[in-house]
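J.: Sequence plus the predicted model coming up.
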Amino acid sequence: MAGEEARNKLKEQLLAGRKKSDMLLPAFISDALTIERTKISGFPVYRLIPERARGNIFYLYSSERIYPIRKKEWRFILSLCNLTGMAVTVPLYPIAPENDCQDVFDFLLPAYRNFTRRREQGAMIIFGCGAGAGLALSLSLLTWKEGFPDPDKLVLMSPRMDAEFLDEDLFSSPNKRQQQEMQVRKDFLGEYWVKNYAGRTEYTSPVCAEFTDICKDVLVVSGTGDPVNACARRFAGRVMDTGIEAKYFEYPGREADFYFRQELRESRHLMKVLHDLLLETDTAILHQYQQEIKNRAVWSKWYPEIFQDELATRYVSQHSLNNASGAGGKNIFNLLEAATQRKLDDAVRLFLQEYPNGTVVYIGCSLDTMFERVDNQRVLWYDLDSPGRLSVRSLYAKRGARERRIDRSINDFSWMDQLSVEMDRGLLFVVRNTFSYMTREEMKIFLDRLYRSFQGCNVIFEMPTPQARRMLNFFTKRSGAEYRRRRLGMRDPQREIALMNPVYSVVSVDSVLEKIQARSDWRPLLRWGLWSNQRRESRKVVHLRLGYERYKTF
């Protein structure tokens, strides 16, 4: 009885909140764009057309299946239209409790058919937010069945893909109030929206359906503050498991529909990502990621005797990228970066000589493809970085057969649960360009977690001296590159790490410039910089063992 009372109360609230203006296009949209208006089964379909439209978006709004479209979402649609230059079709599909799932698809399928017939030149994209993302996924799965053209891209933002609540994890929140609200929503949708379509998951809960016929280019966006974030993450993983390189961007701490708040830094970043991925360009944000690839190609060209990255060199050549753009010239800082990468590669190769069947976890890998350079055809390799970076990485390099990717922040220690490690075969963590951004206490906490979970593991990382750290901060800030202050430097890593925990044994500490000779064609300033940094050993690569080793070497 309590459940029925809650459902009736929600129904009364929804019906009382309905307004005639819910189905009307806001004036600021009409003033900014050319509008085509049609009706299907009595429900409006708006087509927003910018000048010289260059593509087509079929947009399904964030409704929770019970709410009309909001003004802030219309502003997001306007921004999307202006950003991409694409014509955006917005069908105002029916919602519960007045209409059910059958009514929705009786409207959406004809609306999509009209969309495929009346469109501009360019890509055809299904784009959904919230519950609209669930409908977008259903539509993508149904296109083959209905004989419609497949979309070129499928974009799912804060997706709600399970109207039948078949995923028990939806009720796993420790917050009892959230659990109760979720139960009320499940009962309400079951009675008023799912109805006769129960069990027909391609319509009601497409996240549980087969993905054989899904669109081949999928983008998923979620925030960790979204109650169904875990569902979005698992979905992206399942799509990738089918062989599709889905792109998954996750924003820490952000709630569902955060991108409607255009004042947020994360929203501005996401709009740049959407610009590049929808238009298949790199001019808004992806060029910042590509700079890392360009730099490694530059090092390979300038210092071939020190470092070689064939994949980066080939990519830059094939994509007509300017090798020297943003590299800062042939200076000591680029030499140090090339030498550091070479030293890390050599340290991993040395580890794999001793433990050829071992596991390597590359923490903070970004777009670096070390696996390609050091692979011995036996190692099990994990690349670990934020979901956004790994999604960009998938555009640049495909995964190898023994290469796994974990899309987590390094400080979200849940990534450790995803490692499949045979400890007696050897385990190495490569920490790239990370510890220098931490405080000493943060580094100690990180190493302690590794020690407790993987006692006897090896850790390799780079570390500048305090003076080199200050100079690197100064150079980076002046260069105009994305600036993030380095906070940690060590003059004597062996002594300072022993103070953190006496069971941490330092296997080796090597200068990255060890055995590097100046070439005759180098300018005097570069030759002096090499001599000075070699003398001071300004940057080192450190190899630790956390606890006692218990590995086999066969």
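T.: Received it, and whenever you're ready, just let me know what you need. Numbers count the residues shown, from 1 in each chain.

J.: Any regions of this structure where pLDDT drops low?
T.: Low-confidence segments of the chain, defined by pLDDT under 70, are located at 1-2, 170-175, 320-328, 478-483, 549-554.

J.: ok, residues contacting stretch 519-526?
T.: Under the criterion Cβ atoms under 8 Å, 6 or more residues apart in numbering, residues 305, 330-332, 335, 518, 530 lie in contact with stretch 519-526. Bear in mind the C-beta positions are built from the backbone N, C-alpha and C, glycine included.

J.: Which secondary structure state does His543 sit in?
T.: Using DSSP: H, G, I helix; E, B strand; the rest coil as the criterion, the local structure at His543 reads strand.

J.: Measure how buried it is and give me the count.
T.: Per other Cβ atoms under 10 Å, the neighbour tally for His543 reads 18.

J.: just to revisit the earlier point, out of the contacts of stretch 519-526, which are buried?
T.: Buried residues within those, counting neighbours by 16 or more other Cβ atoms under 10 Å: 330, 332, 335, 530.

J.: Take those residues and keep only those in helices.
T.: Among those, DSSP state H puts 332, 335, 530 in helices.

J.: residues in contact with the last one?
T.: What it means is Leu530. By Cβ under 8 Å, 6+ apart, the residues touching Leu530 are 332, 335, 513, 516, 518, 522.

J.: if we can go back for a sec, which of the buried ones among the contacts of stretch 519-526 sit farthest apart?
T.: Pairwise distances across these (Cβ to Cβ) peak at 11.6 Å, for the pair Lys330 and Leu530.

J.: Secondary structure element holding Ser222?
T.: When secondary structure is defined by DSSP states H and E, Ser222 falls within strand 218-223.

J.: before we move on, the earlier item: from the contacts of Leu530, which is closest to Thr283?
T.: Taking Cβ to Cβ as the measure, Thr283 lies nearest Leu335 of those, at 30.1 Å.

J.: and that closest one, what is it in contact with?
T.: Going by Cβ under 8 Å, 6+ apart, Leu335 touches 303, 306, 513, 516, 526, 529-530.

J.: same thing but at 7 Å, please
T.: Leu335 makes contact with 303, 526, 530 under the criterion Cβ atoms under 7 Å, 6 or more residues apart in numbering.

J.: Make JSON lines out of the residues you listed and add distance to Lys540.
T.: As requested, the contacts of Leu335 are arranged in JSON lines below (distance: Cβ to Cβ, whole Å):
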{"residue": "Tyr303", "distance to Lys540": "19"}
{"residue": "Leu526", "distance to Lys540": "21"}
{"residue": "Leu530", "distance to Lys540": "16"}
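
J.: buried stuff in stretch 181-200?
T.: 182, 184-194, 197, 200.

J.: ditto for stretch 99-106
T.: With burial defined by 16+ other Cβ under 10 Å, the residues of stretch 99-106 counted as buried are 99-101, 103-105.

J.: Over to stretch 468-477?
T.: Burial within stretch 468-477, assessed by neighbour count using 16+ other Cβ under 10 Å, is assigned to 468-469, 471-473, 476.

J.: With just CA atoms, put that stretch into CSV.
T.: Taking only C-alpha atoms (Å, rounded to 0.1, in the frame of the first residue of the first chain), the coordinates of stretch 468-477 have been written out as CSV:
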residue,chain,number,x,y,z
ALA,A,468,65.5,20.7,-11.7
ARG,A,469,61.8,20.7,-10.5
ARG,A,470,61.9,24.5,-10.1
MET,A,471,63.4,25.0,-13.5
LEU,A,472,61.0,22.6,-15.2
ASN,A,473,58.0,24.5,-13.6
PHE,A,474,59.5,27.8,-14.9
PHE,A,475,60.0,26.5,-18.4
THR,A,476,56.6,24.8,-18.7
LYS,A,477,54.8,27.9,-17.5
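
J.: what does that stretch contact?
T.: When contacts are taken as Cβ under 7 Å, 6+ apart, the neighbours of stretch 468-477 outside the stretch itself are 333, 436, 464, 483, 485-486, 489, 538-539.

J.: Filter the residues you listed down to the ones in strands?
T.: Secondary structure of the contacts of stretch 468-477 is defined by DSSP state E; positions in strands are 464, 539.

J.: just the buried members of the contacts of stretch 468-477?
T.: Burial by neighbour count, 16+ other Cβ under 10 Å: within those this picks out 333, 436, 464, 486, 489, 538-539.

J.: now Arg373, nearest residue through space, not along the chain?
T.: Once its chain neighbours are removed from consideration, Arg373 has its nearest residue in Asp345; the separation is 5.6 Å (Cβ to Cβ, 6 or more residues apart in numbering).

J.: likewise Gln262?
T.: Beyond its immediate neighbours in the sequence, the residue positioned closest to Gln262 (Cβ to Cβ, 6+ apart) is Ser79, lying 6.6 Å away.

J.: Run the chain-centre distance for stretch 402-417.
T.: The chain centroid and the centroid of stretch 402-417 are separated by 12 Å under Cα atoms, centre = their mean, to the nearest Å.

J.: Next one: Leu380 from Thr84, what distance?
T.: When distances are taken as Cβ to Cβ, to the nearest Å, Leu380 and Thr84 turn out to be 40 Å apart.

J.: cool, Ala518 as well?
T.: As defined by Cβ to Cβ, Ala518 lies at a distance of 50 Å from Thr84.

J.: so how many other residues sit close to Lys521?
T.: Actually, residue 521 is Asp. It isn't Lys. Residue neighbour count, defined by other Cβ under 10 Å, stands at 7 for Asp521.

J.: what's the distance between it and Ser453?
T.: Noted for Asp521: a distance of 49 Å to Ser453, by Cβ to Cβ.

J.: Ser511 and Lys540 touch, don't they?
T.: Yes: proximity of Ser511 to Lys540 meets the contact threshold set by Cβ atoms under 7 Å, at 5.7 Å.

J.: Between the two, tell me which one has more neighbours.
T.: Remark: of Ser511 and Lys540, Lys540 carries more neighbours, 25 against 18, as counted by other Cβ under 10 Å.

J.: so Arg404 touches Val379, yeah?
T.: No: counting by Cβ under 7 Å, no contact exists between Arg404 and Val379, whose distance comes to 11.4 Å.

J.: before we move on, back to that, with distance to Ile285 added, can I get the ones in helices among the buried ones among the contacts of stretch 519-526 in JSON lines?
T.: Formatted as JSON lines, the entries for these read as follows, by distance: Cβ to Cβ, whole Å:
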{"residue": "Ile332", "distance to Ile285": "30"}
{"residue": "Leu335", "distance to Ile285": "29"}
{"residue": "Leu530", "distance to Ile285": "35"}
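
J.: nearest to Thr204, of these?
T.: Looking across these and measuring by Cβ to Cβ, the closest to Thr204 is Leu335, at 59.3 Å.

J.: roughly how far apart are that closest one and Leu60?
T.: Using Cβ to Cβ, one obtains 52 Å as the distance from Leu335 to Leu60.

J.: burial measure for Phe115, as a count.
T.: The number of residues packed near Phe115 is 23, by other Cβ under 10 Å.

J.: Pull the contacting residues for Pro206.
T.: Pro206 makes contact with 134, 137-138, 141, 161, according to Cβ under 7 Å, 6+ apart.

J.: from the residues you listed, which is closest to Leu278?
T.: Nearest to Leu278 out of the contacts of Pro206 is Leu137 (Cβ to Cβ; 17.5 Å).

J.: List the contacts of that closest one.
T.: By Cβ under 7 Å, 6+ apart, the contact list for Leu137 reads 156, 159, 161, 206.

J.: if we can go back for a sec, please identify which of Leu380 and Thr84 sits among more neighbours.
T.: For Leu380 and Thr84, the more surrounded residue by other Cβ under 10 Å is Thr84, and the numbers stand at 22 against 18.

J.: Touching, the more buried one and Leu277? I think so.
T.: No: under the criterion of Cβ under 7 Å, Thr84 lies out of contact with Leu277, with a separation of 10.1 Å.

J.: Among the buried residues of stretch 468-477, name the ones in helices.
T.: Using DSSP H, 468-469, 471-473, 476 are the members of the buried residues of stretch 468-477 that sit in helices.
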